[in-house]
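**Q** Provide a 3D model corresponding to the input given below.
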Amino acid sequence: MVSTRLARYPFLEEAREEVEAHASKFVDVVSEPVLERAEERVVLALREGSVGDITRDRRVELFSYPVARAVVSVVDEYPVTRRYAWAESVTARDRLKDDLNEEEKMRRSNKERSPVGASGDARLFFDDIVEEFGMTVEERDEAYAMEVGDFLELASGMSDEKWKLVNRSVEDGWVRVKREDVLELSREAVRERVADGLPLTVPDDARDAIQPAVENVREVVAEADITTEIDRVEESEFPPCMETLLAEVRDGKHLEHHSRFAITSFLTNIGMDTDEIIETYEVNPGFGEEMTRYQTDHIRGDTGPTEYTCPSCATMVTYGDCRNKDDLCEIISHPLGYYRKRLDELDDEEEDAEEEGDEGKEDGGDEESPD
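**A** Next up is the predicted model:
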């Protein structure tokens, strides 16, 4: 029987071994319930930035993870791969956070946990996390220290300033970290593990088996315009959330990190270059050119391995950045999808106006000149 622990954390090495023990070849794990859950994992990742709650059938939940990676591999669109890996990592982080809170309660009550791998042990605790991802961490004075090499390896993909080594206490090759820092670095480790090797080489028989899910995911991708390149700035067509955030930047208001990331990533995604974005921020009292340039280039992917896409509508709602919704917002799941649709409508209006103008000229040309 598959343990709840492996169903909750299907990216563990132990989980991979469990899948291999149940199937001699990949296609053997692709049942209808598994494929449905795998498709759900990917669709929720694209629309909501998470992969949802675990199903009651732990075997289905475990097998759906490698099948979801196969689906993403056949779709083979970099933004899809990136979002899927991010969603798996965010979901894992939230579950790990619950586990660490439970561990703290057990510590306070002097209650022992059940042995690792026991049927009743669904949790992944601090030492498990550190061991799974090969981190070198020591507990020091009610805090923690991490070996600097491990810290740099995982923190290199993080955009917040707190992850820069210059903003950390470093002594004799060790970086001072908090418990929550280890949790967030673990999220990054999960993201890297999920994305590792994607796209996979999927055998023909497995491709045939997962094709229905692949087609459905491609429809979602097309609906959200996730892979559509946009290189056009039309402020009049911005989604209300981005219009509001941009106005607040120009009004000199302080934006929280998540709000600043949302508007900056949106502007990079639609084709604004770094200098144009810096010019936009210059009126803000908290403006610093060097910092703004670094953050913008990082989001663009110029200074790191990841090019970031602006948050989905679901994520915008979660952080309170979804504001002034209009009717179009009700049927759109991503700000870029909103913007693309408005651009298409604008193009149609301009084309109709041009055709009407041409018809008017033709009608006028048929009239006889007065004597």
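**Q** low-confidence ranges, the protein, go.
**A** Counting by pLDDT under 70, the ranges of the chain that qualify are 111-121, 159, 224-229, 285, 303-306, 357-371.
**Q** again, only this time at 80
**A** 1, 78-79, 107-122, 141-142, 156-161, 222-231, 284-287, 301-309, 333, 351-371 (pLDDT under 80).
**Q** how does it divide into domains?
**A** 4-216, 235-331 (automatic domain parsing).
**Q** reformat the ones you listed into CSV and put distance to residue 350 and mean neighbour count next to each item.
**A** No exception for glycine: its C-beta is placed from N, CA and C like everyone else's. Shown next, in CSV, are the domains of the chain (distance: least, CB to CB, whole Å; neighbours: other CB atoms under 10 Å):
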stretch, distance to residue 350, mean neighbour count
domain 4-216, 28, 17
domain 235-331, 12, 17
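**Q** residue 338: which of the ones you listed is closest?
**A** Between residue 338 and the domains of the chain, the shortest gap by CB to CB is with domain 235-331, which sits at 4.0 Å.
**Q** switch the domains of the chain over to CSV; also include distance to residue 222.
**A** Shown next, in CSV, are these (distance: least, CB to CB, whole Å):
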stretch, distance to residue 222
domain 4-216, 10
domain 235-331, 14
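**Q** and the helices in the stretch 151-300 of the chain?
**A** Secondary structure of the stretch 151-300 of the chain by DSSP state H, counting those that start in this stretch: the helices cover 179-195, 204-224, 240-250, 257-269, 274-281, 289-300.
**Q** summarise which helices and strands the shortest one is packed against.
**A** Where contact means 3 or more CB pairs under 8 Å, 6 or more residues apart in numbering; DSSP states H and E, helix 274-281 is packed against helix 240-250, helix 257-269, helix 289-300.
**Q** run the angle between the longest one and helix 289-300 for me.
**A** In other words, helix 257-269. 70 degrees (axes from the mean of the first three to the mean of the last three CA atoms, to 10 degrees).
**Q** contacts for helix 257-269, please.
**A** 159-160, 230, 233, 241-242, 245-246, 248-249, 255, 276-277, 280, 295-296, 299-300, 308-311, 316, 319, 321, 335-336, 339 (CB atoms under 8 Å, 6 or more residues apart in numbering).
**Q** what's the angle from it to helix 274-281?
**A** 140 degrees.
**Q** same deal with the shortest one?
**A** Helix 240-250 and helix 274-281 are oriented at 70 degrees to each other (the same axes, to 10 degrees).
**Q** what helices or strands is helix 240-250 leaning on?
**A** helix 257-269, helix 274-281, helix 335-366.
**Q** one more time with 7 Å
**A** helix 257-269 (3 or more CB pairs under 7 Å, 6 or more residues apart in numbering; DSSP states H and E).
**Q** can you list the helices of the stretch 151-300 of the chain in a markdown table and add distance to residue 8?
**A** Shown next, in a markdown table, are the helices of the stretch 151-300 of the chain (distance: least, CB to CB, whole Å):
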| stretch | distance to residue 8 |
| --- | --- |
| helix 179-195 | 12 |
| helix 204-224 | 22 |
| helix 240-250 | 32 |
| helix 257-269 | 26 |
| helix 274-281 | 39 |
| helix 289-300 | 31 |
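**Q** excluding its backbone neighbours, what's nearest residue 130?
**A** residue 137 (5.0 Å; CB to CB, 6 or more residues apart in numbering).
**Q** how close does the one you found sit to residue 191?
**A** Distance check for residue 137 against residue 191: by CB to CB, to the nearest Å, it reads 19 Å.
**Q** same deal with residue 311?
**A** 16 Å.
**Q** go on, residue 65?
**A** From residue 65 to residue 191 the distance is 14 Å (CB to CB).
**Q** again, but for residue 350
**A** For residue 350 relative to residue 191 (CB to CB), the value is 41 Å.
**Q** kindly report the same for residue 149.
**A** 19 Å.
**Q** sorry, back to before: which one of the helices of the stretch 151-300 of the chain lies nearest to residue 355?
**A** helix 204-224 (27.1 Å).
**Q** tell me which element residue 317 falls in.
**A** helix 313-318 (DSSP states H and E).
**Q** contact partners of that helix?
**A** Contacts to helix 313-318, defined as CB atoms under 7 Å, 6 or more residues apart in numbering, come from residues 47-49, 241, 262, 322, 332-335.
**Q** for stretch 279-291, same thing?
**A** Contacts of stretch 279-291 (CB under 7 Å, 6+ apart): 249-250, 252, 254, 278, 292.
**Q** at 8 Å what do you get?
**A** Applying CB under 8 Å, 6+ apart, the set of residues contacting stretch 279-291 is 161, 246, 249-250, 252-255, 267, 272, 278, 292.
**Q** same list (those residues) but as a markdown table, adding distance to residue 217.
**A** Output for the contacts of stretch 279-291, formatted as a markdown table (distance: CB to CB, whole Å):
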| residue | distance to residue 217 |
| --- | --- |
| 161 | 35 |
| 246 | 32 |
| 249 | 35 |
| 250 | 38 |
| 252 | 42 |
| 253 | 38 |
| 254 | 39 |
| 255 | 33 |
| 267 | 28 |
| 272 | 29 |
| 278 | 37 |
| 292 | 36 |
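**Q** thanks a lot, catch you later.
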